[in-house]
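In: Pasting a predicted model and its sequence here:
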There are 2 protein chains.
Amino acid sequence: MSIMTTPWNPQTPHQRAVLEVLLSIRALNDAMDRMNGGMKDDMDMNATDLAALRMMIVREQRGDSVSPHEVAKHLRISTASTTKLLDRLESAGYIERHPHPRDRRARILTLTAHSRATFFKHFSEHLEQMRRVTEPYTEDELKLIGRYLSDVSQAIDPS
Amino acid sequence: MSIMTTPWNPQTPHQRAVLEVLLSIRALNDAMDRMNGGMKDDMDMNATDLAALRMMIVREQRGDSVSPHEVAKHLRISTASTTKLLDRLESAGYIERHPHPRDRRARILTLTAHSRATFFKHFSEHLEQMRRVTEPYTEDELKLIGRYLSDVSQAIDPS
DNA sequence: CTATATCGCTAGTTTAGCTAGCGATATCTC
DNA sequence: GAGATATCGCTAGCTAAACTAGCGATATAG
């Protein structure tokens, strides 16, 4: 969430356009928060558990494996909290914990088929909507938009 | 948070550009989540309390007043939780509860000067960064970007 | 004028984070 | 190699902040 509540008075049309865009970003963020809220209700999960699932799906598609430690780091929660989180996901049948082949302290987390299916079932509709409104733009326009979005991400979180 | 974990293989340059943009939106959302996380740490508040404050600031700028009930609705938490949330904000000196002039059951919430000052102090830096990266774009480009962002917001949350 | 609805609140419960610290294992230093 | 130290995931216990149920005061509808 969260942008722009700024006391700023645009004078020129260009300044007005800048303000409009910043306001649109806030609106987009609010919308995505609501979307996420809806998804967690649908899937009957809390926000963090859903974020963990999403993170694991992203990693899996990149071909990376995931450890409990990495989940903790990504979500910025303690490893203790992560243990409980993984307990919830495991007992709900979303993930499995496997031994790490080389490090006997460590675990490797995998998603279940049920997990992937459920996630995409609930997410694909939104994704389709987004793709639908994105597709009409020309390639050049999309490149411009993509560049701007990256600029903004970079600006607010140069991580 | 939350986008794109999609199994989708772009074939044409245009499809690739679409995917890029959708990925950028996810990245932006992640970045904003982290920004928010940082802000709540800086201001020593939890995420919900900060969201409430932000919502009140937005409303105030629109000239609207805010009731506890509206805060509950906006944040999707119960009125009971809202009471406690307002207790926290009030005792921290961020808001005040005033009697509603016409409805003696109701309250009107107002921000303190301290609240506004603190919020903008922590937020203005991010805002400035965002404005900085936005300004170089031409008016036409900004209009395009703004239109696209609105399209996406509409698509994922047609509220 | 009576019945119902709404507003914000209190009381008590549950959820999901936290810190502290442990056993097992891995890695670094000599 | 052997001993010191670091890392991994976990348990135990605490706390913060949500929840549900329901109440008193007030407003509104029939």
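Out: Perfect, thanks for sending it.
In: Got phi/psi on A:Thr12?
Out: phi -90, psi 160 (degrees, to the nearest 10).
In: Tell me how many other residues surround it.
Out: Using other C-beta atoms under 10 Å in any protein chain shown, A:Thr12 has 9 neighbouring residues. No exception for glycine: its C-beta is placed from N, CA and C like everyone else's.
In: residue ranges for the strands of chain A, please.
Out: Here chain A has its strands, by DSSP state E, at A:95-99, A:107-111.
In: which of these sits most buried?
Out: Ranked by mean neighbour count under mean count of other C-beta atoms under 10 Å in any protein chain shown, those are led by strand A:107-111, which reaches a mean of 17.
In: quick check: angle from that strand to strand A:95-99?
Out: Compare the direction of strand A:107-111 with that of strand A:95-99 by axes from the mean of the first three to the mean of the last three C-alpha atoms, to 10 degrees and you get 150 degrees.
In: For DNA strand C, see how far away the closest residue to A:Leu144 other than its chain neighbours is.
Out: Spatially, and ignoring its direct neighbours in sequence, A:Leu144 is nearest to B:Glu141 (6.1 Å; C-beta to C-beta, 6 or more residues apart in numbering or on different chains). B:Glu141 sits 40 Å away from DNA strand C when distances are taken as C-beta to the nearest atom of the strand, to the nearest Å.
In: go on, A:Asn29?
Out: To DNA strand C, A:Asn29 is 20 Å away according to C-beta to the nearest atom of the strand.
In: Chain A: helices as residue ranges?
Out: Listed in chain order, the helices of chain A (DSSP state H) span A:13-43, A:47-62, A:68-75, A:79-91, A:113-134, A:139-156.
In: Could you dump those helices into CSV and include mean pLDDT, mean neighbour count and distance to B:Met43?
Out: Output for these, formatted as CSV (pLDDT from 0 to 100; neighbours: other C-beta atoms under 10 Å in any protein chain shown; distance: least, C-beta to C-beta, whole Å):
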stretch, mean pLDDT, mean neighbour count, distance to B:Met43
helix A:13-43, 88, 19, 18
helix A:47-62, 91, 19, 20
helix A:68-75, 95, 17, 21
helix A:79-91, 97, 15, 22
helix A:113-134, 91, 16, 31
helix A:139-156, 95, 20, 16
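In: Next to DNA strand C, which bits of chain A? Give me the list.
Out: For chain A, the residues in contact with DNA strand C (C-beta under 7 Å from any atom of the strand) are A:46, A:48-49, A:76-81, A:84-85, A:88, A:102-105.
In: and these near chain B, which?
Out: The subset of those within reach of chain B, by C-beta under 8 Å from any C-beta of the partner chain, is A:Arg76.
In: farthest pair in the residues of chain A next to DNA strand C?
Out: Greatest spatial distance in the residues of chain A next to DNA strand C: A:Asn46 and A:Arg102, 32.9 Å, computed using C-beta to C-beta.
In: okay, these two: which has more neighbours?
Out: A:Asn46 (12 against 6).
In: quick one: the residue nearest to the more buried one when sequence neighbours are not counted from A:His122, how far?
Out: What sits nearest to A:Asn46 in space, not counting adjacent residues and going by C-beta to C-beta, 6+ apart, is A:Lys40, at 6.2 Å. Between A:Lys40 and A:His122 the distance is 9 Å, computed by C-beta to C-beta, to the nearest Å.
In: Quick check: the closest residue to A:Arg76 other than its chain neighbours vs A:Ala51, distance?
Out: The spatial neighbour of A:Arg76 that comes closest, neighbours along the chain excluded (C-beta to C-beta, 6+ apart), is B:Gly37 at 6.7 Å. Separation of B:Gly37 from A:Ala51 (C-beta to C-beta): 12 Å.
In: Could you do A:Pro13 as well?
Out: Distance of A:Pro13 to A:Ala51, given as C-beta to C-beta: 40 Å.
In: can you check A:Glu141 too?
Out: From A:Glu141 to A:Ala51 the distance is 31 Å (C-beta to C-beta).
In: ok, now A:Leu109?
Out: Counting by C-beta to C-beta, the separation of A:Leu109 from A:Ala51 is 14 Å.
In: Just confirm yes or no for stretch A:97-117 near DNA strand D.
Out: Yes - if you take C-beta under 7 Å from any atom of the strand as the test, stretch A:97-117 does meet DNA strand D, through A:97, A:100, A:103, A:105-107.
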